[in-house]
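Visitor: Provided below for reference: sequence and predicted model.
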Amino acid sequence: MSTPRILVVGSVNLDFVATAAKLPAPGETVTGATLARHPGGKGANQALAARRLGAEVALAARVGRDAMADEALALLRAGGVDLSACAVDDAAATGVALIAVAADGENQIVVAPGANAAFSRAHLAVSANDAVICQLEIPMDTVLAVAERAAGLFCINLAPSASTPDAIFARADLVVVNEGEAMFQGAALNRTPGLVAVTEGARGAALYRGGVEIARASPPSVKVVDTTGAGDAFVGALVMALLEKQPPEQALRFACAAGALAATKPGAQPSLPLRDAVDRLLAGAA
Ligand code: RIB
């Protein structure tokens, strides 16, 4: 089988990560945290996730003309993601995510989208690929334009939650949501003729078609350090597995294993697993 070719259209952020004993409640100050900076953004994370699992990947995105852009793109560059469709916006800053991570690995994220919010359909070039992956950290109209132009498998990760036009559900071959996002979308999820994958954190994930569960998988047991990027690893891995024609249950197990491994290390992109690590984990868990 030839190497799958995937285009990701989405966001690039620089993540500022404060790791503390617990997450703050509204109005509360939590001190004693340590600070780290990592490349992130759901689009960039999903692009690198698929690349580390063996796909040829291009990322269409926008960053600012600033020093944060270099830092945000460093691991994509090092990992061999094609950045020729990643443009520099003279009028906006590179996207930033402020992330708090607690001792149990749970997080809270606030995003200042910067150049991601200025990524309009006029900037879009959708090249021929086996699959196109989008998320909702760029304007919905741009996502709609991707859905209109995508050939091959079209995957939409409805994160973060936003009201989503019917045309996107109608075009999707694969919709990926977590439990909160599934609740937000409600019955709209049944409007897609494609597959719907719902991630359930430590319990794993389920795959539905037409509202009917067709597969379910649990992740191998791992020590969770930071769940940031685990969902992105899941998306990249599930698309990769489906392009490889893995049967639904096997594809879901592969994606759960990639997500679980991503939760064992700090940071979004630094934690995304290589193919070999996922295969070894699955072999041990079989
Ligand atoms: O999905 C994780 C990502 O969400 C982080 O990398 C952060 O940038 C936010 O976009």
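Guide: In hand now; what should we look at?
Visitor: what residues does the stretch 1-150 of the chain put near the ligand?
Guide: 11, 13, 15, 40-42, 45, 97, 109, 111, 137 (C-beta under 6 Å from any ligand atom). For glycine as for every other residue, the C-beta is placed from the backbone atoms N, C-alpha and C.
Visitor: closest to the ligand out of those residues?
Guide: Nearest to the ligand out of these is Gly40 (C-beta to the nearest ligand atom; 2.5 Å).
Visitor: wouldn't that closest one be in contact with Ser271 here?
Guide: No. Using C-beta atoms under 8 Å, Gly40 is not in contact with Ser271; the gap is 10.6 Å.
Visitor: between these two, tell me which one has more neighbours.
Guide: The neighbour count for Gly40 versus Ser271, taken as other C-beta atoms under 10 Å, is higher for Gly40 (31 against 23).
Visitor: please name the bridge partners of the closest residue to that one other than its chain neighbours.
Guide: With C-beta to C-beta, 6 or more residues apart in numbering as the criterion, Gly40 has its nearest non-adjacent residue at 3.6 Å, and that residue is Asp15. For Asp15, the beta-bridge partners under DSSP bridges are His38, Ala97.
Visitor: phi, psi of Ala67?
Guide: Dihedral pair for Ala67: phi -70, psi -30, per degrees, to the nearest 10.
Visitor: next: the one 10 residues further on.
Guide: In this entry, Arg77 is assigned phi and psi values of phi -60, psi -50 (degrees, to the nearest 10).
Visitor: give the contact list for Gly180.
Guide: Applying C-beta atoms under 8 Å, 6 or more residues apart in numbering, one finds that Gly180 lies in contact with Ser161.
Visitor: any idea of the pLDDT on the residue nearest to Gly40?
Guide: The model reports Asp15 with a pLDDT of 98.
Visitor: repeat that for the one 3 residues further on.
Guide: Looking at Ala18, its pLDDT stands at 97.
Visitor: look up how far Thr228 lies from it.
Guide: Noted for Ala18: a distance of 12 Å to Thr228, by C-beta to C-beta, to the nearest Å.
Visitor: so these two - more neighbours on which side?
Guide: Neighbour tally, Ala18 and Thr228, criterion other C-beta under 10 Å: the higher count belongs to Thr228, 27 against 18.
Visitor: which pLDDT value belongs to that one?
Guide: For Thr228, pLDDT reads 95.
Visitor: I figured it was touching Lys265, is that so?
Guide: No. Between Thr228 and Lys265 there is no contact under C-beta under 8 Å: 9.9 Å.
Visitor: who touches both of those two?
Guide: Ser271.
Visitor: residue of the stretch 151-286 of the chain nearest the ligand, please.
Guide: For the stretch 151-286 of the chain, C-beta to the nearest ligand atom, closest residue to the ligand: Ala268, 3.6 Å.
Visitor: how many neighbouring residues does that residue have?
Guide: Ala268, neighbours per other C-beta under 10 Å, totals 33.
Visitor: test my guess that it contacts His38.
Guide: Yes. With contact defined as C-beta under 8 Å, Ala268 counts as touching His38 (5.9 Å).
Visitor: what is in contact with the two at once?
Guide: Asp15.
Visitor: and stretch 32-42, how far from the chain's centre?
Guide: 16 Å (C-alpha atoms, centre = their mean, to the nearest Å).
Visitor: wait, what's in contact with Val235?
Guide: Per C-beta under 8 Å, 6+ apart, neighbours of Val235: 46, 49, 133, 135, 155, 157, 176, 255.
Visitor: that one: what secondary structure?
Guide: helix (DSSP: H, G, I helix; E, B strand; the rest coil).
Visitor: for the chain, which segments are assigned as helices?
Guide: Remark: helices assigned in the chain by DSSP state H are 42-52, 67-79, 140-149, 166-171, 179-185, 230-243, 248-262, 275-285.
Visitor: so which of those helices comes closest to Pro219?
Guide: helix 248-262 (3.9 Å; C-beta to C-beta).
Visitor: and that closest one, what's buried?
Guide: Neighbour-count burial for helix 248-262, with 16 or more other C-beta atoms under 10 Å as criterion, is recorded at 248, 251-262.
Visitor: from the contact counts, what lies against that helix?
Guide: With contacts defined as 3 or more C-beta pairs under 8 Å, 6 or more residues apart in numbering; DSSP states H and E, helix 248-262 has these neighbours: strand 195-199, strand 205-209, strand 212-217, helix 230-243, helix 275-285.
Visitor: re the thing from before, anything in contact with each of Gly40 and Ser271?
Guide: Common neighbours of Gly40 and Ser271 (C-beta under 8 Å, 6+ apart) are 228-229.
Visitor: all good on my end, thank you.
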